[in-house]
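Engineer: Build the 3D model from these lines:
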Amino acid sequence: MISLAPAWQDALPDTLFLAPHAPQRCSMMGAGYQWWGLSGFAPSALAAGAASAAPAIDAFIDRKLAQYGLTDADLALVGFSQGTMMALQVGLRRSRPVAAIVGYSGMLAGAADLAHYLPSKPPVLLVHGTADPVVPIAALHMSESQLKRLGVEVETHISYGVAHTVDPVGLRAGRDFVAGAFAKNSG
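Structural biologist: As a prediction, this is how the structure comes out:
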């Protein structure tokens, strides 16, 4: 995800970009990383995997916010695929709302738990390609529905003909969403 930084830097000139690697090599994608071993898309397995990886991400975020003298309001979480699951898992459960969450080609895991515990409701943008063979476009629609039912402000961008990747239009949509969220928080 750090490769987004150059494309977003002009719109977010005072932004620090950090992208922690997930701890495990992904067996499904040779050059990728994963937060937990993904053996299937059963909702219970996705929820358990996201919940098990969340403490490490929360600790990383807390260290970096303290290191740079920032707050959750200064933080946007951006993820791709399993990273989207983690951005939503962590961002929706922090005690103070983050500025924004952007998820590319992923989904919401553990929605049932959120019905009982949703301390903050940051704005969310979900971006997905219609030709995604890894995480079907139906995941965007399901996640959008679940988030709206929980009272979370969610926008979507559908990239027609795009597979499991981020196209230039989706990249700009994410950049503009984050820039707008930061402007809203500072103004």
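Engineer: contacts, neighbours, all on C-alpha from now
Structural biologist: Will do.
Engineer: which residues does residue 182 contact?
Structural biologist: Contacts for residue 182 were tallied using CA atoms under 8 Å, 6 or more residues apart in numbering; they are 74, 99.
Engineer: Show me how far the strand or helix carrying it is from its chain's centre.
Structural biologist: Assigned by DSSP states H and E, residue 182 falls within helix 168-186. When C-alpha coordinates are averaged (CA atoms, centre = their mean, to the nearest Å), helix 168-186 and its chain have centres 13 Å apart.
Engineer: Buried by neighbour count: which residues of that helix qualify?
Structural biologist: For helix 168-186, burial by neighbour count (16 or more other CA atoms under 10 Å) applies to 170-175, 177-182.
Engineer: Out of these, which is nearest to residue 85?
Structural biologist: Nearest to residue 85 out of the buried residues of helix 168-186 is residue 174 (CA to CA; 16.1 Å).
Engineer: helix, strand or coil for the residue lying closest to that closest one once chain neighbours are set aside?
Structural biologist: For residue 174, the nearest residue in space outside its immediate sequence neighbours is residue 102; the separation is 6.3 Å by CA to CA, 6 or more residues apart in numbering. Judged by DSSP: H, G, I helix; E, B strand; the rest coil, the three-state class of residue 102 is strand.
Engineer: Next one: residue 102 relative to residue 35, how far apart?
Structural biologist: Between residue 102 and residue 35 the distance, using CA to CA, to the nearest Å, works out to 18 Å.
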